[in-house]
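Visitor: sequence plus the predicted model coming up.
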Amino acid sequence: MTNTTMTNSKEESRPSPDVPATPKEACIFLSEYAAWLLGCGATCIRIEKNVRRMAERWEMVSEMTILPSHIHITVWNHDRSHSYSNIVRLHHAGISFDINTRLSKLSWAVADQKTGFAEAQEEFAAIVRTRPANPWMVWVLASLANMSFCRLFGGDFAAMAIVLIGTLAGYRLKQIMLEDGMDTRFVFFCCAFFSSVIGAAGYVFHWSGTPEIALGTSVLYLIPGIPYINSVSDLLDGHYISSFSRFMNALVLTACLSAGLCGGLLLMNINWL
């Protein structure tokens, strides 16, 4: 009888797989989760809401500081008698709407009690192992989109063809250089230079009645639009450090893009004034 009672007591004290056993387990999971969200291009308000949503489901309290390249999280149990803190460097996964969306859906699954803690850990590991979208499909679609921008701004069909070829060449160069681990700023400069030289074909060979539009839109695929949008979102939400960091990173990339474009104009001896 005594042995049976002791066994039942141990089973009752065993932590449920639906919730983390300690604040340490929750903190480690949430910090890695937030670091991946930040690295794939999520805004600060999305990261805060997702993390808070899961912590409340586990009857814990979380406080988080989002820095430009780090996440600092502290998690307490419900009566604040125990806590654990963790600092994690963001994961440079590149902007990924797929990972961003799936991680957000995971937080809602946890909050709605559809996914326990153990299952959330497994699903999180599967999400971060997600392979990027087919690079060849992205290459073609990005080139077609940039060609459409040329038409949207009034370019003729010859200008659209020039932009398509320039974007195909420049975007492929971008993929190759990033795969080789080259600095992103140098990549933006080289790709802008390469695409602008091709985009100047309308001036050099008189193939288009709108050569200025072909040249101007040939580098639009490099505009860091998402960092600019995220910086405004963080600014409105009061995350000034993160907002300023994202804005400056986007500004530097834009400067590199502009330098590459100017280099192409100088090489082709085009005076655009």
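Guide: Alright, I've got the coordinates.

Visitor: got any ranges where this structure has weak pLDDT?
Guide: 1-17, 272-273 (pLDDT under 70).

Visitor: ok, which stretches of it are strands?
Guide: 61-66, 70-76, 83-89 (DSSP state E).

Visitor: what's the longest helix in this structure?
Guide: helix 240-267 (DSSP state H).

Visitor: how about that one: buried residues?
Guide: Neighbour-count burial for helix 240-267, counted by 16 or more other Cβ atoms under 10 Å, picks out 242-243, 245-247, 249-250, 253-254, 256-257, 260-261, 263-265. C-betas here are computed from N, CA, C, even on glycine.

Visitor: which pair of the residues you listed spans the longest distance?
Guide: 242 and 265 (34.9 Å; Cβ to Cβ).

Visitor: picking that back up, for the longest helix of the chain, packing partners?
Guide: Packed against helix 240-267 by the contact rule (3 or more Cβ pairs under 8 Å, 6 or more residues apart in numbering; DSSP states H and E) you find helix 184-199, helix 225-236.

Visitor: right, and those helices - which one's nearest residue 89?
Guide: helix 184-199 (17.1 Å).

Visitor: got the angle between the closest one and helix 240-267?
Guide: 40 degrees (axes from the mean of the first three to the mean of the last three Cα atoms, to 10 degrees).

Visitor: other residues contacting helix 184-199?
Guide: 162-163, 165-167, 169-171, 173-174, 177-178, 214-219, 221-222, 252-253, 256-261, 263-265, 267-268 (Cβ atoms under 8 Å, 6 or more residues apart in numbering).

Visitor: let me see the contact set for residue 222.
Guide: Counting by Cβ under 8 Å, 6+ apart, residue 222 has contacts 170, 174, 188, 191, 192, 195, 253, 257.

Visitor: so which of these is the closest to residue 72?
Guide: Comparing these against residue 72 with Cβ to Cβ places residue 253 closest, at 26.3 Å.

Visitor: pretty sure the closest one sits against residue 224.
Guide: Yes. Using Cβ atoms under 8 Å, residue 253 is in contact with residue 224, at 4.7 Å.

Visitor: right, I'll leave it there.
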